[in-house]
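> what's the 3D shape of this:
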Amino acid sequence: MRRVLVIGATIAAALVAVGVLALRLWRGPDPAAVLASIERPPSPVLSPEDARHAFRVAPGFEVELVAAEPLVVDPVAMDWDDEGRLYVVEMRGFMPDLAGTGEDAPLGRVVRLEDEDGDGRMDTSRVFLDGLVLPRAIVVLPEGVLVAAPPDLWLCRDADGDGRCTDAERTRLGDYAEGPGNVEHLENGLLPGLDGWLYSAKSRRRLRLAPAASTNDPPRLEVSPTLFRGQWGLAMDDAGRLYSNHNSAFLYVDLFPGEYALRHPATATAHAKPGLTVDLAPDERVYGVRVAPGLNRADQPGALRRDGRQDAPTAVSGVAIQRGDQYGPEFHGDAFVPESAGAVVARFDLEPDGMGLRARHVLDADPDWSEREFLASTDERFRPVDVKVGPDGALWVIDMYRGVIQHAHYVSDYLRDYVRTNDLEAPGATGRIWRIVRTDRPIDRGPPSLATTADRLRALDHPNGWVRDRAQRGLVAAGRGMRAAQPDGETPDGLLATLRALDELDAIGRSHALWTLAALDALDVGTWRRALADPDPRTRETALHAGAGLASTPEGVEALATGGLAALDDPDPHVRLQAIHTLGSLPPPHRPVSQLVQRARDGDALVRQAVLSGLTGFEEIALDEALAQGEQPDPAWLAALAGAIRLAGDDASAHAAATRRLLDRMAVLEPIGLARALARGLAEAGERRGAERIVLDAPHAIFEGDRATALGAELEAVRRGVTWPGDTRPGGARALTAEEERLRTRGGALFQATCATCHGEDGRGLAGLAPPLAGSPWVRDADEWLLRIVLQGLQGPIEVGGERFDLAMPGHAADPRFDDATLAGLATWLRRAWGHADRPVTPDRVASIRAATASRHSPWTVDALRALPVEHRLDRYTGRYRVPIVGVELEIVREDDQLALGRSGSARSPLVEAGDGLFLGDEGVRLRFDATSEGPVDRVEIVFGEQRVEVARVAD
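Numbering: from 1, shown residues only. So this is what the prediction gives:
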């Protein structure tokens, strides 16, 4: 009997992982007892036929072998051309052994597989491209085959039709997956979106091929920012929504185009973005059909169930949305997600739920294990790394088929011993591609008919999404080719007339036609207005999205403004949200700010985010309108507007002026709760990654007196992000004692008299002469460094702020003006200047270091200073911290001049210092330490969105 689990339980997570820092581990059964109780079946290399029999698949389906070694080895990505030929990326260099020795060898290839007799099984394999290092993505476009092999993105065109891309037939279009990093955490995917852009996981950019200036030149590569999403693999549904995942989470979705949230820094840098990267399957488990002692950390709590099977996902990669017709309407729109550690492919039934989606994890009855996934294997070597829906409408599975799938960077001692004990290390020359077919429905194994423009036009409403997507891309390429061949450079009217005849297509075909017209710059106002009046809400939504190019003409702007305002009252919430996004993209003189702000007042988090993203240049006007509304405005909306004002633009003086105006409002705004709301928004924005501390031209009166007392902690939080010339408490640092302040003043006078000439009064240094002191780790991080440099001098080279200096600075140990007390004051002055919020230096500390270096008469070098044992400013935060309830330990270490966070024994992510005791991690995670502690701190508060957890320090 089939059982369906409904997703929607609360997340039982601690904020402690690396990357997203949301850990989904809990205390499970004792792993040692579980491992001792299970009997591991052998894992020999099975023949393709034996491996096929090891599968258990959902009732009504069967597994077919498409290709296996030697036709394909170590497959990781694939795509088809219009003739149905399959191009497969082979990552042959991956993990030759447990250390990854030799991964940089150019063993990777792309092979082209062909089914010559139409029986659904590949008969021939031809090397299309070779000599690649860990290639990782491929997409077949009308312009050629795009292949990603770090650090290159190649466009391959088989000009002579011999099935091979020679050096003369490939063009390097740009960089891809460049930079250091392991194979699991670099750019990958190359998913074509309905909008004509190519999207990748682990990437903040999207790509597009644009026509070349000359017919003899290759196409140009256009690059645009996009939302960072996913880890390995992406998918798209019929509405163009993008789906992603990461190794420990099955399925995320973006409910609207993430690029809209990037329009404004307030929404782009928000810790949580409503409607984007929505977790559809929180806390879901893996339902395999074999025990799993081969998990990377099977010896850790939470990895295994009591029966020895894998519990939480650890190796999710890839996703496919069923947009074909071979499985029938009840499967349309479902998500299929591989989990290679568990040797399974999971199915999630997706249904609309208001503006969002509801996922149901579909499990099938199993005679041995009670429940299992849509596809599961008893073969430990089955490694499904991605899935695709093919031209036939069935699900295809890419099986890397090997003993080790975990990359060397993360192999635990336990896994290393397990692999060697069970003879799983040698990768072998294996790989398979499988097809999952519904047995009671027909399947068309022949290639689709897409050879002519007429074929492609007919295919725009084909029941298989793969065919529709190929038809759309082919029409765009054909239209551009026709236009280039015309003397007047215009697309032929016949093609455009057919595309504009929307009534002759079904609803899904109309959306494809609109995107085709938009890509050809041929979406006219008349067609757009008819689409906006279409009875199908997806067509109306597509019109608003695809019609952005109309803003290039006055007639188009007027149409977008009028139609967009009318669409604000559309009965469909998706259309209404897209209308807000579209209106927020209009040129400033035509942007209906008042109407958008009105929507925000009554809207939910999605609506408010959409409005906020389109308020660039109108933030303070929006705040005026919010405060002028008849009833008391929502404090959360006021906080969002205050943050937007704080973050708008990129000019420091403008930021300071806007912040002062906000402080002016807060000083008089009543009731006091409204002022507190502005303070909360201002403070939170100051803690965003990349937000610089605001430097006012003078102190603001709000930080003293009764108003400061009334605003309390909210204003103190604002104070951490604000400073001014002469500020003795930048970053909210503790106030100096009277004696420390006396010495600081004395040291400041010495700086002006002796140091400012070379280093500048603003601390920014002088090019070619002296490095900057503002923000310099040599000033802030260790008394041992700063005082030695002042006493004995420094011999270059030294690099500060990305600039190299190779001169010498003389020492001042013999200068009577630099006595212990004055030098302590100078160091304290530097530690509290230019926004620094660091600890003062005492005369006793100076005397100690002066005595320890009395015999040195030569300047220090960077290497000599780095070799010294020092009490680093950041060391008080390092150590091991235990998360309550789950008992997981975090480790905070110092790596040079930066902190990094991770689980004990795992890879770590860097932390960015944002204030005294405040550090920012990935995905909006914030760590707050007690910055007033003179010694090691005893705890840290971890903040992720609205969740907070206090974590105690348990060891160095």
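> just the helices in the stretch 801-950 of the chain please.
820-831, 843-852, 862-866 (DSSP state H, counting those that start in this stretch).
> L46 is nearest to which of the ones you listed?
helix 862-866 (54.1 Å; C-beta to C-beta). C-beta coordinates here come from the backbone N, C-alpha and C atoms, glycine included.
> against which helices or strands is the closest one packed?
helix 783-792 (3 or more C-beta pairs under 8 Å, 6 or more residues apart in numbering; DSSP states H and E).
> give me the spatial nearest neighbour of the residue positioned nearest the centre of the chain, chain neighbours excluded.
What sits nearest the mean C-alpha location of the chain, by C-alpha atoms, centre = their mean, is F228, with 2.8 Å. Once flanking residues are discounted, F228 sits nearest to R204: 4.8 Å by C-beta to C-beta, 6 or more residues apart in numbering.
> so who does the one you found touch?
Going by C-beta atoms under 8 Å, 6 or more residues apart in numbering, R204 touches P225, T226, L227, F228.
> and it, how far from T269?
As judged by C-beta to C-beta, to the nearest Å, R204 and T269 stand 13 Å apart.
> repeat that for E187.
21 Å.
> which of the two has more residues huddled nearby?
Shown here are E187 and T269; by other C-beta atoms under 10 Å, E187 has more neighbours (24 against 20).
> wait, the more buried one touches R206, no?
No: with contact defined as C-beta atoms under 8 Å, E187 does not count as touching R206 (10.9 Å).
> overlap in contacts, these two.
S200.
> just for the stretch 451-600 of the chain, where's the confidence low?
487-491 (pLDDT under 70).
> quick one: the helices in it?
Under the criterion DSSP H, counting those that start in this stretch, helices of the stretch 451-600 of the chain are mapped to 453-458, 465-485, 493-500, 507-519, 525-532, 537-546, 554-567, 573-583, 593-602.
> the stretch 251-400 of the chain now?
Using DSSP H, counting those that start in this stretch, helices in the stretch 251-400 of the chain cover 265-268.
> now do the stretch 651-800 of the chain
652-668, 672-686, 706-719, 738-750, 756-759, 777-780, 783-792.
> export these to JSON lines and tack on mean pLDDT, distance to T539 and mean neighbour count?
Converted to JSON lines, the helices of the stretch 651-800 of the chain look like this (pLDDT from 0 to 100; distance: least, C-beta to C-beta, whole Å; neighbours: other C-beta atoms under 10 Å):
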{"stretch": "helix 652-668", "mean pLDDT": "93", "distance to T539": "41", "mean neighbour count": "17"}
{"stretch": "helix 672-686", "mean pLDDT": "93", "distance to T539": "38", "mean neighbour count": "22"}
{"stretch": "helix 706-719", "mean pLDDT": "91", "distance to T539": "47", "mean neighbour count": "17"}
{"stretch": "helix 738-750", "mean pLDDT": "93", "distance to T539": "68", "mean neighbour count": "18"}
{"stretch": "helix 756-759", "mean pLDDT": "84", "distance to T539": "64", "mean neighbour count": "16"}
{"stretch": "helix 777-780", "mean pLDDT": "90", "distance to T539": "57", "mean neighbour count": "20"}
{"stretch": "helix 783-792", "mean pLDDT": "95", "distance to T539": "65", "mean neighbour count": "22"}
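> to A365, which of those helices lies closest?
helix 672-686 (49.2 Å).
> now do the closest one against helix 652-668: the angle between them, please.
Helix 672-686 and helix 652-668 meet at an angle of 160 degrees, taking axes from the mean of the first three to the mean of the last three C-alpha atoms, to 10 degrees as the criterion.
> what helices or strands is helix 672-686 leaning on?
Using 3+ C-beta pairs under 8 Å, 6+ apart: helix 672-686 touches helix 635-647, helix 652-668, helix 706-719.
> centroid-wise, who is the farthest residue in the protein?
P816 (55.4 Å).
> hey, where'd the strands end up in the stretch 351-500 of the chain?
With DSSP state E, counting those that start in this stretch as the criterion, the stretch 351-500 of the chain has strands at 356-366, 370-372, 375-377, 384-389, 395-399, 432-438.
> strand partners (parallel or antiparallel) of the last one?
Using DSSP bridges, strand 432-438 pairs in its sheet with strand 61-68 (antiparallel), strand 395-399 (antiparallel).
> and it, how far from the chain's centre?
A distance of 31 Å separates the centroid of the chain from that of strand 432-438, by C-alpha atoms, centre = their mean, to the nearest Å.
> quick check: angle from it to strand 384-389?
Orientation check (the same axes, to 10 degrees): strand 432-438 against strand 384-389 gives 50 degrees.
> what is the mean pLDDT for strand 432-438?
Strand 432-438 carries an average pLDDT of 99.
> now tell me what touches it from outside.
Contacts for strand 432-438 (C-beta under 8 Å, 6+ apart): 48, 51-52, 55, 57, 60-69, 72, 75, 78, 86, 88, 113, 120, 122, 326-328, 331, 345, 375, 390, 392, 394-399, 401, 443.
> ok, the residue nearest to D117 when sequence neighbours are not counted to D130 distance?
Using C-beta to C-beta, 6+ apart and skipping residues adjacent in sequence, the residue nearest D117 is D123, 6.4 Å away. Relative to D130, D123 is positioned 21 Å away (C-beta to C-beta).
> nearest to T453, out of the strands of the stretch 351-500 of the chain?
strand 384-389 (24.8 Å).
> give me the pLDDT for L375.
pLDDT, L375: 99.
> beta partners of it?
Residues in beta-bridge contact with L375 (DSSP bridges): V57, V345.
> circling back to that earlier point, I'd say the residue nearest to the centre of the chain and S203 touch.
Yes: with contacts counted by C-beta under 8 Å, F228 reaches S203, the gap being 6.9 Å.
> which other residues reach the helix or strand containing V607?
Using DSSP states H and E, V607 maps to helix 605-613. Helix 605-613 has contacts (C-beta under 8 Å, 6+ apart) with 255-256, 260-264, 266-267, 270, 273-275, 355, 576-577, 580-581, 584, 596-597, 599-600, 603, 637, 640-641, 644.
> narrow these to those that are buried.
255-256, 260-264, 266-267, 270, 273-275, 355, 576-577, 580-581, 584, 596-597, 599-600, 603, 637, 640-641, 644 (16 or more other C-beta atoms under 10 Å).
> what's the local residue count around E555?
Around E555 there are 11 residues (other C-beta under 10 Å).
> give the contact list for it.
V525.
> and for E103?
G93, F94, M95, P96, V133, L134, V183, A408.
> could these be laid out in CSV, adding secondary structure, distance to S855 and pLDDT?
Listed next are the contacts of E103 as CSV, based on DSSP: H, G, I helix; E, B strand; the rest coil; distance: C-beta to C-beta, whole Å; pLDDT from 0 to 100:
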residue, secondary structure, distance to S855, pLDDT
G93, coil, 55, 95
F94, coil, 56, 94
M95, coil, 54, 92
P96, coil, 54, 92
V133, coil, 53, 96
L134, coil, 54, 96
V183, helix, 52, 84
A408, helix, 48, 84
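> out of those, flag the one nearest to L544.
Looking across those and measuring by C-beta to C-beta, the closest to L544 is V183, at 39.5 Å.
> all strands of the stretch 801-950 of the chain, in order?
Under DSSP E, counting those that start in this stretch, the stretch 801-950 of the chain gives strands at 803-805, 808-810, 879-882, 889-895, 898-903, 908-910, 912-915, 918-920, 925-929, 939-944, 947-955.
> make a markdown table out of those strands and add mean neighbour count and mean pLDDT.
A markdown table is the format used below for the strands of the stretch 801-950 of the chain (neighbours: other C-beta atoms under 10 Å; pLDDT from 0 to 100):
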| stretch | mean neighbour count | mean pLDDT |
| --- | --- | --- |
| strand 803-805 | 14 | 85 |
| strand 808-810 | 14 | 87 |
| strand 879-882 | 19 | 89 |
| strand 889-895 | 18 | 87 |
| strand 898-903 | 19 | 84 |
| strand 908-910 | 15 | 83 |
| strand 912-915 | 19 | 78 |
| strand 918-920 | 23 | 85 |
| strand 925-929 | 22 | 86 |
| strand 939-944 | 19 | 85 |
| strand 947-955 | 15 | 86 |
